[in-house]
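Q: Predicted coordinates and the sequence they were generated for:
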Amino acid sequence: MKLYPFSQITSKNLKLLLLAARLIASSAIVLFIATVVFAIYFFFVTPQTIMETVLKQGVLSYSVFAFITAAILLVISGLSAAVVSCEYKYTND
């Protein structure tokens, strides 16, 4: 069992696109995990000063932006992997 994304997909002509899809998916997964960890952490932290309140609001808004970015990156990597898979399927016949 391989732990990198799209491990079942192979390609003869679009190896670079497959590599890019794997790298994008991996970075999106790391971004998603980091976003969830930061959001949970700052959700439970009680701010003591005004500066900490501003920091908490900023990090939470960043978490929303990073979550949306991770979702978009996962869609892009999935579409790229689908293109590679279709290319391999139709050129292998």
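A: Structure's in. What do you need? Numbers count the residues shown, from 1 in each chain.
Q: Spell out for me which residue occupies the centre of the protein.
A: In the chain, the C-alpha nearest the mean C-alpha coordinate belongs to A28, at 1.3 Å (C-alpha atoms, centre = their mean).
Q: In three-state terms, how would T46 be classified?
A: For T46, the assignment made with DSSP: H, G, I helix; E, B strand; the rest coil gives coil.
Q: That one: what's it in contact with?
A: Neighbouring residues of T46 by C-beta atoms under 8 Å, 6 or more residues apart in numbering: there are none. For the C-beta atoms, the positions are set from N, CA and C on the backbone; glycine is no exception.
Q: Recalculate using a threshold of 10 Å.
A: Going by C-beta atoms under 10 Å, 6 or more residues apart in numbering, T46 touches E52, T53, K56.
Q: what about the second one, neighbour count?
A: The tally of other residues near T53 (other C-beta atoms under 10 Å) stands at 12.
Q: Repeat that for the last one.
A: K56 has 16 neighbours, counted by other C-beta under 10 Å.
Q: next one: the first one
A: A count of nearby residues for E52, using other C-beta under 10 Å, gives 13.
Q: Look up phi and psi at the nearest residue to it once chain neighbours are set aside.
A: Leaving aside its chain neighbours, E52 sits nearest to V45 (7.9 Å; criterion: C-beta to C-beta, 6 or more residues apart in numbering). Dihedral pair for V45: phi -80, psi 130, per degrees, to the nearest 10.
Q: from memory V45 sits against V59, does it?
A: Yes. In this structure V45 lies within contact range of V59 using C-beta atoms under 10 Å: 9.4 Å.
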